[in-house]
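**Student:** got a predicted structure here, sequence first:
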Amino acid sequence: MTKEGAISPLPDIQPLKSIRECKKFLREPTFHHVNKPLINGKMKTAKHPNDEADLPEEDSKPPAKRPRRKAALKSEKLIAGMAEEDDDVKKPPAKRPRRNKKAALKSEEPAEDDDASDQMNKSKKRSSKESAPIPVDAMVNVMEFLPPRSLYNIALTCKSLREMVTTKMVVQSALIHGGNPSKSMTELHSLMRNHSIHVPSPLRLLRLANGKRCEFCLTSGTNHVRPGLGVFACWNCVVSGKQGRWNRGYSRNSGSSSSIKLTKAWKTSWVRYRKNPIYRTILSYSRVASNEYGTNHYFWSEHRCDANGERVGPLVTWGDVDDLKGYYDQLKTAAAAKEAAAANSTVDSATTSNVAAADNGNDNEEEEEEAAPSLSNGEWIEYYLTKNLNAPPKENYAEFNETFTNTVQMADRISREREELKKSKRDDKMQTKVDKVEKILDDLKALINEPFRERAMKACGKEKYLKSGMSSNQCMFLETPFINAWLAPYIKSPSKMTKKAMKEMAEKINVEIERIEKLLEMDFLSDDDDFEAAAKIFFRECYPDVEALYTCHSSYHGPTNMMTEEFVTLIQGGRFIGALCYLQTNNLSPILLVTEPSASLAQASKYLDETSLKKLAKIAWYQTNTSSCALFQDREDDSWAAEAFAAGHKFFGEAMAKVDKYGAWLEGKVDEDKRPAFLNKIVMGYWYFDDFMKEEDFEKIWKNNARLVRS
């Protein structure tokens, strides 16, 4: 045991292996206190050796805390190791929850007794981006100005807005905004003014105005309400009844569903129609809707409901026509029986009056019989529709008809204004496009070399484009086709033309124009070859200068020349004879007439005139299988021209020899003065000459062409 007042030594400290053991050791009292004898039953803490005197326990104060080091504060583990004596670890204060300003503004409700100034101060605190919600009642005024599609989307928002949709609202929206919704309202009005269909609810009207597919098969596209039926149905469902889904029908007798076609033909060629004139009265009544085509009346096949259970379509179906006739017969029989009873009642007038008086006294006990409808007008039909078919009263049609009548004129005026505004914007857009293209052509023309920049960049078609009203078309066409083809993308979209593209285009055009100018020098044609020498003379007569290349002929888009992209391709490939032949539409037949031996044969001809000789030379050139441009364009070089020239001479000589031989054979059959005209007709008629060259027997040729002599 230690003496009183002595400090006991610290217990042996074992090495710690983990942080958890370190924290546990720091919490043990042996670390903070020393073992000392109890004084008055309590353990007294040890005093510092420098203390002058022992103080009472109640006056003693704990030692001052050692200031924390900044380095130690960086580590959470060291902060936990420097725990205080009371073993109470202080937790950091909880974070203040974030406040949603928008939610707070929505949750704030002004008190009833707040002053107007307080409400103004609260409204000022709100952000400028936030505004008070629109009152529900004010949505009615907004919905009246919406197009049908937007009105449909708002109606699907909630039940309150859906109940605000009215017939007047839907009809006005559809008519004013035009298009297919307006067409649907027009078709419905033709039926509603005759009170011949079930009155559609406002929501059904809205669905009909926004419909895009058949409401029965949901597959075929439909633009507007089917005329004469008042439903959104495709032609297949109306005629053939091939519905793609279960057709929810309604039968007033059995209530069963059906999937038959929507219409059924009632033929006026039937015997019952001819024998019963009452059918004409039924079919001509205004509330009986049908589509008349030829001798048939196509009626609604049976009563139906839409997907929401609302009755749709015409009031009278195909089966109701015969029911109306039967009802008429009943009324007629009852009227005849009543007349007979009235005739027989003259004898028993006194008895009848007494019975009538007794009946009048018992009015409260017995109900009076309803008077039968009149048969002289359509009253009986109206009575049948109301009692048997539950037809809506005519007052229910008033809202739709009045709204349509009052709105249609305003809708026409708005439609005209809309079209005029649209046309004005389109014209401005087209004129702006023309101005941009003209500026592009002027800038590009300044980069083209002289002297043919004006002819090469000459354009036309501006007036025709402005009158067409088609802003997407090409507004101008250049007379030179290959330049027009290169500039077409920039003429359609002027914004694509940049300075770099314009410079490259000008260099490209200049290169091709220089090649075309060198083409007319014709250094590639030799004077030693008969064909090339004749071709050089012929081409120089046709194109004495470059200006002749720009000679235009009429086309659909305006004047144009023959310098197309195919022509430029032939020049780029070094096929100059093919390029010149392309300019002549592959017709080098005049060369045959000025070269031997065709020239000698033409001069020695006794029967053919100049026109027939030119025609024969053209036939000879085309008979060499070079008439198609693709044949000589696909060749690698211009060797085809000499081959075609030799073959043409051969064919021309054979044809001239046969014409002369046939002319000699005609002696005795055709007068000598009529013989040249007869042979010229054979040559000028392509089909006649083709048969003439194929047939060897002159007798058959005479039988086939003898009528030419008489004509």
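**Tutor:** That came through, no problem.

**Student:** quick check: Leu466 touching Gln431?
**Tutor:** Yes: at 7.0 Å, Leu466 counts as touching Gln431 under the criterion of Cβ atoms under 8 Å. C-beta: built from backbone N, CA, C; applies to glycine.

**Student:** anything in contact with each of the two?
**Tutor:** Listed as contacting both Leu466 and Gln431 by Cβ atoms under 8 Å, 6 or more residues apart in numbering is no residue at all.

**Student:** by residue count, which helix of the chain is the longest?
**Tutor:** helix 398-445 (DSSP state H).

**Student:** past that helix, which element shows up next along the chain?
**Tutor:** Going down the chain from helix 398-445, the next helix or strand is helix 453-456, by DSSP states H and E.

**Student:** how about that next one: buried residues?
**Tutor:** For helix 453-456, a neighbour-count test (16 or more other Cβ atoms under 10 Å) marks 453, 455-456 as buried.

**Student:** show me where pLDDT drops low in the stretch 201-350 of the chain?
**Tutor:** Along the stretch 201-350 of the chain, segments meeting pLDDT under 70 span 242-259, 346-350.

**Student:** make it 90
**Tutor:** In the predicted model of the stretch 201-350 of the chain, residues 215-221, 235-261, 268-269, 271-278, 280-281, 291-295, 304, 306-309, 328-350 satisfy pLDDT under 90.

**Student:** please apply the same query to the stretch 51-200 of the chain.
**Tutor:** 51-145, 157-163, 178.

**Student:** again, only using 80
**Tutor:** Along the stretch 51-200 of the chain, segments meeting pLDDT under 80 span 51-137.

**Student:** same for the helix or strand harbouring Tyr152, what does it pack against?
**Tutor:** Element membership of Tyr152 [criterion: DSSP H and E] is helix 148-155. Of the remaining helices and strands, those touching helix 148-155 by 3 or more Cβ pairs under 8 Å, 6 or more residues apart in numbering; DSSP states H and E are helix 139-143, helix 159-164, helix 167-177, helix 202-209.

**Student:** just how off-centre is the shortest one within its chain?
**Tutor:** The reference is to helix 139-143. How far helix 139-143 lies from its chain's middle: 30 Å, per Cα atoms, centre = their mean, to the nearest Å.

**Student:** with stretch 277-295 instead?
**Tutor:** That offset, for stretch 277-295, works out to 39 Å (Cα atoms, centre = their mean).

**Student:** give me the contact list for that stretch.
**Tutor:** Here stretch 277-295 makes contact (Cβ under 8 Å, 6+ apart) with 191, 194-197, 227-230, 263, 266-269, 272-273, 297-300, 314-316, 321, 324-325, 328, 378, 381-382, 385, 391.

**Student:** what are the ranges of the strands in the stretch 601-711 of the chain?
**Tutor:** Along the stretch 601-711 of the chain, counting by DSSP state E, counting those that start in this stretch, no stretch forms strands.

**Student:** can you give me the domain boundaries for the protein?
**Tutor:** Following automatic domain parsing, one finds the domains of the chain at 140-340+374-392, 422-585, 596-711.

**Student:** quick one: list the elements packing against the one helix or strand Gly326 maps to.
**Tutor:** Taking DSSP H and E as the definition, one finds Gly326 inside helix 318-344. Here helix 318-344 touches strand 263-267, helix 278-284, strand 296-300, helix 379-387, going by 3+ Cβ pairs under 8 Å, 6+ apart.

**Student:** let's go with 10 Å and repeat that
**Tutor:** Packing contacts for helix 318-344, counted by 3 or more Cβ pairs under 10 Å, 6 or more residues apart in numbering; DSSP states H and E, involve strand 263-267, helix 271-275, helix 278-284, strand 296-300, helix 379-387.

**Student:** closest to Phe400 out of the domains of the chain?
**Tutor:** Distance to Phe400, taken as Cβ to Cβ, is lowest for domain 140-340+374-392 among the domains of the chain, at 5.1 Å.

**Student:** run a quick neighbour tally on Leu315.
**Tutor:** The number of residues packed near Leu315 is 22, by other Cβ atoms under 10 Å.

**Student:** what sits against it?
**Tutor:** Counting by Cβ atoms under 10 Å, 6 or more residues apart in numbering, Leu315 touches 191, 194-198, 287-289, 300, 303, 385, 389-392.

**Student:** could you check the pLDDT of Lys618?
**Tutor:** Confidence at Lys618, expressed as pLDDT, is 86.

**Student:** residue contacts, Lys436?
**Tutor:** Contacts of Lys436 (Cβ under 10 Å, 6+ apart): 475, 490-491, 493-495, 497.

**Student:** now swap in Ala602 and tell me
**Tutor:** Shown in contact with Ala602 (Cβ under 10 Å, 6+ apart): 592-594, 608, 610, 612-614, 616-617, 652, 656.

**Student:** so how far is Ala620 from it?
**Tutor:** Look at Ala602 and Ala620: by Cβ to Cβ, to the nearest Å, they are 11 Å apart.

**Student:** what's the overlap in contacts for the two?
**Tutor:** In contact with both Ala602 and Ala620: 592-593, 652, 656, using Cβ under 10 Å, 6+ apart.

**Student:** as TSV, those with distance to Lys422 would be great.
**Tutor:** Below are the shared contacts of Ala602 and Ala620 laid out as TSV (distance: Cβ to Cβ, whole Å):
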residue	distance to Lys422
Leu592	61
Leu593	61
Phe652	64
Met656	68
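
**Student:** got a winner among those residues for most neighbours?
**Tutor:** Neighbour max across the shared contacts of Ala602 and Ala620 (other Cβ under 10 Å) = Leu592, 27 neighbours.

**Student:** other residues contacting the strand or helix carrying that residue?
**Tutor:** Element membership of Leu592 [criterion: DSSP H and E] is helix 589-594. If you take Cβ under 10 Å, 6+ apart as the criterion, helix 589-594 is touched by 530-531, 533-535, 537-539, 541-542, 584, 598-599, 601-603, 610, 613-622, 641, 644-645, 648-649, 651-652.

**Student:** which of those residues fall in helices?
**Tutor:** Going by DSSP H, the helices hold 530-531, 533-535, 537-539, 541-542, 598-599, 601-603, 610, 613-622, 641, 644-645, 648-649, 651-652 from the contacts of helix 589-594.

**Student:** which among those count as buried?
**Tutor:** If we count by 16+ other Cβ under 10 Å, those have these buried: 530-531, 534-535, 537-539, 598, 601-602, 613-622, 641, 644-645, 648-649, 651-652.

**Student:** circling back: list just the nearest of the buried residues of helix 453-456 to Leu549.
**Tutor:** Of the buried residues of helix 453-456, the one sitting nearest to Leu549 (Cβ to Cβ) turns out to be Arg455, at 8.9 Å.

**Student:** ok, now how distant is the residue nearest to the closest one when sequence neighbours are not counted from Ala456?
**Tutor:** Spatial nearest neighbour of Arg455, excluding adjacent residues (Cβ to Cβ, 6 or more residues apart in numbering): Tyr550 at 4.5 Å. Remark: distance between Tyr550 and Ala456 (Cβ to Cβ) = 8 Å.
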